[in-house]
Every structure is written in structure tokens, then in C-alpha cells.
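Undergrad: coords please:
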Amino acid sequence: MKLHMNLLHGSPRLARLAGTAALTAGLAGTMASGAPAASAGVNFPVINQKAVIGWGANTGGQLGNGVISEAQLTPVQVTGLSGVTKIAAGGTFSLALRKDRTVWAWGNNTYGELGNGTTADSSVPVQVTGLSQVTSIAAGGDPGSSFAIRISSTGVTSLWAWGDNSRGELGDGTLNAHSTPEQVTGFSVPGIAGISAGDAFAFLLGTDGQRPQPAGVESADKDDRAGQRDHPARGRRHPRARSQVERDRAGLGRQHAR
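TA: The predicted structure follows:
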């Protein structure tokens with residue numbers, strides 16, 4: 001334990017992560033059943049389907065409570081944000097996706113991580129410019145870039161990115177930062193199912209573009225077809241069993257016929 005504490009003391013980043021993990025464990029019982037999951041990050045918000053709550057480092061206003069401070073040791077609620085379905089914690093900024101499919105951001109904005117066309121930090125949520133019909137979000141670190149998946153009215157998905165680009169993390173072929181969302185191109189997949197961002201890199205999960213079968217439908221059809229092969233008579237109509245009255249009548253008919 002002593003060695004563990006010495007390591008944490010020598011690494012402020014590890015110390016922040018350890019503190020966050022402890023708070024997360026302590027509040028695990030307060031999460032509502034079926035609540036959307038938060039992404040991993042230094043400041044790990046908890047969502048109770050009505051409000052977004054965060055704690056930890058707040059030097060860039062990334063906790064969204066209108067205050068900038070070195071550290072927030074107890075949970076605080078993000079100001080003026082409701083109807084949230086997904087959240088993502090970046091290096092020193094945060095993202096939220098609302099039910100109306102708009103994206104909101106707060107915290108450090110040195111490289112345009114908030115996507116509102118400026119580089120001014122904000123300790124309260126601001127709307128990301130020009131994004132609608134968003135289905136998923138991701139936030140990277142070191143110092144930070146943002147990603148969003150959009151879906152068009154015809155069902156076509158596209159990937160958008162903004163923020164720091166000093167190591168090409170926005171995928172646009174340049175090293176230029178963007179303070180507003182830009183579409184990521186240069187990959188060839190029919191659809192996009194997910195996006196994940198790390199420290200100055202990102203991954204997307206591509207799909208074949210086909211609509212998935214409802215759970216259990218395909219397997220049930222296969223089982224039924226297999227059963228018919230094993231038992232050819234399955235599915236055929238069998239003669240209806242005669243009642244006792246019908247059997248008696250048939251017996252009387254045979255007696256009269258003798």
C-alpha cells in the first residue's frame with residue numbers, strides 16, 4: 001500500500017484517476033436502472049437520466065458547473081443541461097448528447113474542442129455548431145478532440161470531428177485544428193456503428209450497411225428449418241381425431257352393412 005501511494009504521489013494524473021475511480025465506486029448504487037453509460041476519462045460523470053453530475057479536476061471548467069477550480073472533491077451538477085442520453089469525458093473538456101440529437105460541450109477550448117467556432121473556454125455547456133441528428137459521441141485526450149456520428153433522413157451515417165489535430169487525430173489529412181465540426185472522409189465502409197477516441201488517436205467501427213435482424217428472428221428461422229429436415233413430417237396436417245360419438249356411429253354403420 002505504501003508503494004502504491006508513493007506512485008500516486010509521484011504522478012498527479014494517476015492520482016486524479018484513482019480519486020475518480022474511488023468516487024465512481026462510492027456512487028455506483030445511485031445510478032438509475034438502464035442509465036446510459038459514460039465514457040472513460042479523468043472526470044467521469046454519472047447520469048441519472050435527469051441531470052449530469054461530475055467531480056475531480058476542474059481547471060478548464062470541464063465539470064460544467066460554472067466554476068473553475070483546481071479540484072472538485074464532491075459531485076456537482078452540470079449547469080443548464082437536461083434530456084441527456086449520452087456523455088463523454090475528454091482530456092479537460094466534456095460532451096453531452098441530448099434527446100433532440102444535438103451535441104453540447106464545456107471545459108477547455110484551446111484547440112476548438114467545444115466546436116462552437118471559438119477558442120474561449122466555457123465552464124457551462126455550449127451547443128456545438130452545425131450538428132444535428134447525432135447518434136453517438138466520443139471525446140479524446142491530450143489535449144483533446146471530439147467526434148460525432150450523424151445519420152441522415154435516408155439512413156446514411158457520417159463521421160464528424162473537431163478540436164486538436166496536432167497528430168492527425170481528426171483524420172482530415174492535415175495537422176490543422178478545427179473549432180467547428182468537419183466531416184471525416186477517406187475511409188470506405190457502407191455504415192458506421194461506433195466511434196472511440198484515445199489520446200490523439202481514434203477508431204471507428206464500420207458496418208456492411210445492412211439492417212440487422214431483430215434479436216432471435218434469424219436463429220428461430222434456422223431452428224425451424226433444421227427441425228423440418230430432421231423430421232420431414234413436421235409441419236404436415238394430420239387427420240383430426242374422431243370423437244367417441246363418431247366412432248360409435250361408424251361401428252353401427254358397419255353392423256347394418258353386414
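
Undergrad: pLDDT wise, what is the nearest residue to Ser69 once chain neighbours are set aside at?
TA: Nearest non-adjacent residue to Ser69, counting by CB to CB, 6 or more residues apart in numbering: Asn58, 4.8 Å away. To be clear about C-beta, it is placed using only N, CA and C from the backbone, and glycine gets the same treatment. With respect to pLDDT, Asn58 scores 95.

Undergrad: Tell me how far Asn58 lies from Ser123.
TA: From Asn58 across to Ser123, the span is 8 Å (CB to CB, to the nearest Å).

Undergrad: overlap in contacts of those two?
TA: Shared contacts of Asn58 and Ser123 (CB atoms under 8 Å, 6 or more residues apart in numbering): 65, 67-68.

Undergrad: Okay, domains of the protein per the record?
TA: Structural domains annotated on the chain: 2-207, 217-257, as defined by automatic domain parsing.

Undergrad: By mean pLDDT, show me the worst of these.
TA: domain 217-257 (a mean of 57).

Undergrad: circling back: just the buried residues of the shared contacts of Asn58 and Ser123.
TA: Asn65 (16 or more other CB atoms under 10 Å).

Undergrad: Just the ones in strands from the shared contacts of Asn58 and Ser123, please.
TA: Applying DSSP state E to the shared contacts of Asn58 and Ser123, no entry is found in strands.

Undergrad: can you give me the strands for the stretch 1-150 of the chain?
TA: For the stretch 1-150 of the chain, the strands defined by DSSP state E, counting those that start in this stretch cover 46-47, 52-58, 69-77, 84-89, 93-98, 103-107, 122-127, 134-139, 145-151.

Undergrad: do you know which of the ones you listed lies nearest Pro181?
TA: In terms of CB to CB, the element of these nearest to Pro181 is strand 145-151, at 6.7 Å.

Undergrad: could you check the angle strand 103-107 makes with that closest one?
TA: Inter-element angle recorded for strand 145-151 and strand 103-107: 170 degrees (by axes from the mean of the first three to the mean of the last three CA atoms, to 10 degrees).

Undergrad: and strand 145-151 with strand 134-139, angle?
TA: For strand 145-151 against strand 134-139, the angle by the same axes, to 10 degrees is 170 degrees.

Undergrad: Identify the residues contacting strand 145-151?
TA: Outside strand 145-151, the residues touching it (CB under 8 Å, 6+ apart) are 90, 93, 95, 97, 103, 105, 111, 113-115, 128, 131-140, 157-165, 169-170, 181, 184, 192, 194-195, 197, 200, 202.

Undergrad: Tell me the strands beside that strand, with direction?
TA: The strands that strand 145-151 pairs with in its sheet are strand 134-139 (antiparallel), strand 157-163 (antiparallel) (by DSSP bridges).

Undergrad: hang on, isn't Ala105 packed against Pro125?
TA: Yes - counting by CB atoms under 8 Å, Ala105 touches Pro125, with 6.8 Å between them.

Undergrad: between those two, who's got more neighbours?
TA: Ala105 (27 against 23; other CB atoms under 10 Å).

Undergrad: What strands flank the host helix or strand of Thr180, and is each parallel or antiparallel?
TA: According to DSSP states H and E, Thr180 maps onto strand 178-184. Applying DSSP bridges to the sheet, strand 178-184 is found paired with strand 157-163 (antiparallel).
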